[in-house]
Structures are given as C-alpha cells and as structure tokens.
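A.B. asks: Would you be able to build a 3D model of this:
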Amino acid sequence: MVREQYTTATEGTLIERPENQTVCKIGIYGWRKRCLYLFVLLLLIIFLVNFALTIWILKVMWFSPTGMGHLRVTEDGLYLDGESEFLFPLYAKEIRSRLDSPLLLRSAHNVTVNARNSDGEVTGRVTVGPEMVDVQSQQFQINSKEGKPLFTVDESQVVIGTDRLRVTGPEGALFEHSAETPLVTANPFQELRLESPTRSLRMDGPQGVHIRAAAGGGRALSQEDIVLHSGGDGRLVLDAETVCFPELGSGTTGPAGSSQGLYEVCVCPDGKLYLSAAAAATTCHESSHICL
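C.D. replies: A predicted model of the protein is given here:
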C-alpha cells in the first residue's frame with residue numbers, strides 16, 4: 001500500500017513534486033504469517049476432532065429425540081428397558097416394572113429402602129442383606145389382596161389375622177411365656193401334644209376348658225401331680241361309660257363274697273383316692289389308714 005504525501009499551498013504558488021516518493025508496506029509477512037496459518041490449521045484440526053468425538057458419543061450412548069439408550073422420556077416419567085446400575089442414591093416417587101416382567105433389585109452387599117418424613121428423618125427402613133432381612137419401623141404389617149391385615153407387629157403385640165396359624169416344624173411351636181387362643185387343633189390324622197419339658201403346663205379359661213378328641217383318646221402325663229381344680233361351686237364331672245383307675249390302691253377287703261366284687265371310691269382329706277370293699281353302708285372309715 002502506497003502512501004502519498006501532499007503539501008498545501010496558496011493559489012499562484014508553484015510547487016514542484018519530489019522525484020522520489022516514499023512507499024510503506026502494511027501487513028503480516030514472514031514467520032508471523034506462517035505461525036498464523038499454523039494456528040488456524042491447528043484450530044481446524046481440534047474442531048474436526050471434537051466434532052468426530054461428539055458424533056461417536058452420540059452413537060455409542062444411543063442418543064435419540066426421546067431419550068438415551070435404554071432410557072426414554074415419556075409423559076408418565078422415565079422408561080428404562082434392561083439392566084441398569086446406579087452408583088449413587090436414586091430418588092423417585094414410584095418405581096414400577098413392566099406388566100410382563102418382575103422388578104428385580106440386586107446388589108453385591110445389600111439393598112436398603114428408606115422412607116423419610118418432611119424433615120428428612122428416616123421413619124422406616126427395609127434392609128435385605130446376605131444373612132437377614134432387617135425392618136425398622138413403628139409397625140410392620142402384611143395385608144392380603146383385599147386389604148385384610150394378615151400379619152401385624154408392633155412394640156406391644158403380634159397379631160395374626162388369618163383364619164388358621166399352621167406350624168409345620170417337627171418340634172411344633174415354642175412359647176416362652178403365655179399364649180392366648182380360642183382353639184388349638186392338629187392336622188387331620190395327627191395327634192395334638194401340649195408339652196412343657198421342664199416346667200408346668202397350665203390351661204385357664206374364664207368359661208371353662210374344653211378338651212375333645214373326636215377320633216381318638218386323650219392322655220395326660222406328668223412327672224409329678226396332675227391337679228384338676230374347679231373354683232367356687234363348680235364340680236368335677238367324669239362323664240363316660242367307663243372310668244378306670246388301674247393303679248388305684250385298695251383298703252381292707254371284707255369277708256369273702258360279701259362285696260360281690262364291688263368297691264366304692266373313697267377320698268382322703270388331701271384328695272387321695274382309694275378303693276374300699278362295698279357293703280350296705282360305707283366302708284371308707286375301715287380303710288382310712290391308707291390316708292395316713
């Protein structure tokens with residue numbers, strides 16, 4: 001680019017132009033020009049590499065207008081198809097599986113589900129570990145399909161709402177303290193045993209205790225005493241065609257043939273029973289030495 005020099009003069013003045021004019025060149029030349037072109041070329045290469053990586057990431061991650069990979073965005077929320085791994089906590093209002101497949105939660109250590117209140121405090125927790133399932137809550141309840149409570153546990157009691165509680169273990173059910181129930185029955189064609197190996201067995205009923213064996217007999221065994229007590233004006237009634245006392249002691253027998261094989265049951269003051277030969281009048285006083 002050439003810059004010309006002009007000299008102002010008044011009218012009528014003769015000015016001679018210089019023979020040699022000075023020329024100044026403006027621009028980038030030499031090594032600066034080469035560095036600029038190299039920098040532009042480097043920026044172009046970086047742009048092409050970033051563009052290629054972006055296209056590769058979009059292809060590998062399966063980006064689409066509706067979502068990414070197996071994850072799709074729908075009107076109802078997020079739809080995830082296939083197995084997924086979450087490295088950090090997952091917060092969701094509801095998690096559902098497809099209608100034709102179950103929902104599987106799998107972890108290398110344990111699976112923990114927490115419920116929090118508005119203040120962020122944990123009010124309920126379910127932890128499924130390799131050795132046990134731990135439930136921390138004020139109340140644990142299992143309902144039927146119709147919403148009927150089947151099993152309820154809280155700090156004060158355990159409520160079983162089913163029509164029948166069935167224990168299939170060979171040792172039966174073990175109660176360390178008392179058990180309250182309106183009916184205790186065994187499976188068909190199996191015997192029912194109420195047993196206390198080291199302590200006493202006590203059955204109380206405000207309106208009575210009914211023991212019934214519809215297809216067999218009943219037997220009571222004890223290492224010490226068996227006490228049948230009826231308080232108040234109640235009576236002890238043995239209602240059967242035959243009442244047998246095979247090992248009942250007998251008192252003094254009368255003359256031969258006098259009792260004709262008949263005996264009467266006598267009772268000692270301490271409740272002990274014994275037999276005495278029957279006669280026209282009672283003979284219990286003659287055998288009262290058994291009570292001593």
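A.B. asks: residue boundaries of the helices in the stretch 51-200 of the chain?
C.D. replies: Using DSSP state H, counting those that start in this stretch, no helices are assigned anywhere in the stretch 51-200 of the chain.
A.B. asks: show me where it has strands.
C.D. replies: Along the stretch 51-200 of the chain, the stretches classed as strands by DSSP state E, counting those that start in this stretch are 63-64, 67-68, 71-73, 78-80, 111-116, 122-128, 133-136, 140-143, 149-153, 158-160.
A.B. asks: How far off centre is the first one?
C.D. replies: When C-alpha coordinates are averaged (Cα atoms, centre = their mean, to the nearest Å), strand 63-64 and its chain have centres 40 Å apart.
A.B. asks: ok, now the third one?
C.D. replies: Per Cα atoms, centre = their mean, the displacement of strand 71-73 from the mean C-alpha position of its chain is 32 Å.
A.B. asks: what does the last one give?
C.D. replies: Computed by Cα atoms, centre = their mean, the chain-centroid distance of strand 158-160 equals 15 Å.
A.B. asks: Report the next helix or strand after it in sequence order.
C.D. replies: Proceeding N to C from strand 158-160, the next assigned helix or strand is strand 263-267, under DSSP states H and E.
A.B. asks: partners of that next one, with directions?
C.D. replies: Strands adjacent to strand 263-267 in the sheet, as given by DSSP bridges, are strand 273-277 (antiparallel).
A.B. asks: Tabulate the strands of the stretch 51-200 of the chain (JSON lines), appending mean pLDDT.
C.D. replies: Below are the strands of the stretch 51-200 of the chain laid out as JSON lines (pLDDT from 0 to 100):
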{"stretch": "strand 63-64", "mean pLDDT": "78"}
{"stretch": "strand 67-68", "mean pLDDT": "76"}
{"stretch": "strand 71-73", "mean pLDDT": "79"}
{"stretch": "strand 78-80", "mean pLDDT": "79"}
{"stretch": "strand 111-116", "mean pLDDT": "86"}
{"stretch": "strand 122-128", "mean pLDDT": "90"}
{"stretch": "strand 133-136", "mean pLDDT": "88"}
{"stretch": "strand 140-143", "mean pLDDT": "90"}
{"stretch": "strand 149-153", "mean pLDDT": "90"}
{"stretch": "strand 158-160", "mean pLDDT": "86"}
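A.B. asks: Turn those strands into CSV, including distance to Leu201.
C.D. replies: C-beta here means a position set from N, CA and C on the backbone, and glycine is covered the same way. As requested, those are arranged in CSV below (distance: least, Cβ to Cβ, whole Å):
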stretch, distance to Leu201
strand 63-64, 72
strand 67-68, 67
strand 71-73, 63
strand 78-80, 58
strand 111-116, 43
strand 122-128, 39
strand 133-136, 33
strand 140-143, 31
strand 149-153, 27
strand 158-160, 22
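A.B. asks: Can you add distance to Asn187 and mean neighbour count and give those strands back as TSV?
C.D. replies: Below are the strands of the stretch 51-200 of the chain laid out as TSV (distance: least, Cβ to Cβ, whole Å; neighbours: other Cβ atoms under 10 Å):
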stretch	distance to Asn187	mean neighbour count
strand 63-64	60	12
strand 67-68	56	14
strand 71-73	52	14
strand 78-80	47	12
strand 111-116	37	12
strand 122-128	33	14
strand 133-136	29	11
strand 140-143	24	12
strand 149-153	21	14
strand 158-160	18	11
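A.B. asks: between these, which gets nearest to Ile290?
C.D. replies: For the strands of the stretch 51-200 of the chain, proximity to Ile290 was assessed by Cβ to Cβ; strand 158-160 is nearest, at 50.5 Å.
A.B. asks: Report all helices and strands that the closest one contacts.
C.D. replies: Helices and strands touching strand 158-160, by 3 or more Cβ pairs under 8 Å, 6 or more residues apart in numbering; DSSP states H and E, are strand 149-153.
A.B. asks: Check which helices and strands the strand it packs on sits against.
C.D. replies: Applying 3+ Cβ pairs under 8 Å, 6+ apart, one finds that strand 149-153 contacts strand 140-143, strand 158-160.
A.B. asks: Dump those into CSV; add distance to Gly169 as well.
C.D. replies: Below are those laid out as CSV (distance: least, Cβ to Cβ, whole Å):
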stretch, distance to Gly169
strand 140-143, 20
strand 158-160, 16
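A.B. asks: Of the ones you listed, which is nearest Pro102?
C.D. replies: Nearest of these (Cβ to Cβ): strand 140-143, 18.8 Å.
A.B. asks: Mind listing the strands the closest one pairs with, and their directions?
C.D. replies: Sheet partners by DSSP bridges: for strand 140-143, these are strand 149-153 (antiparallel).
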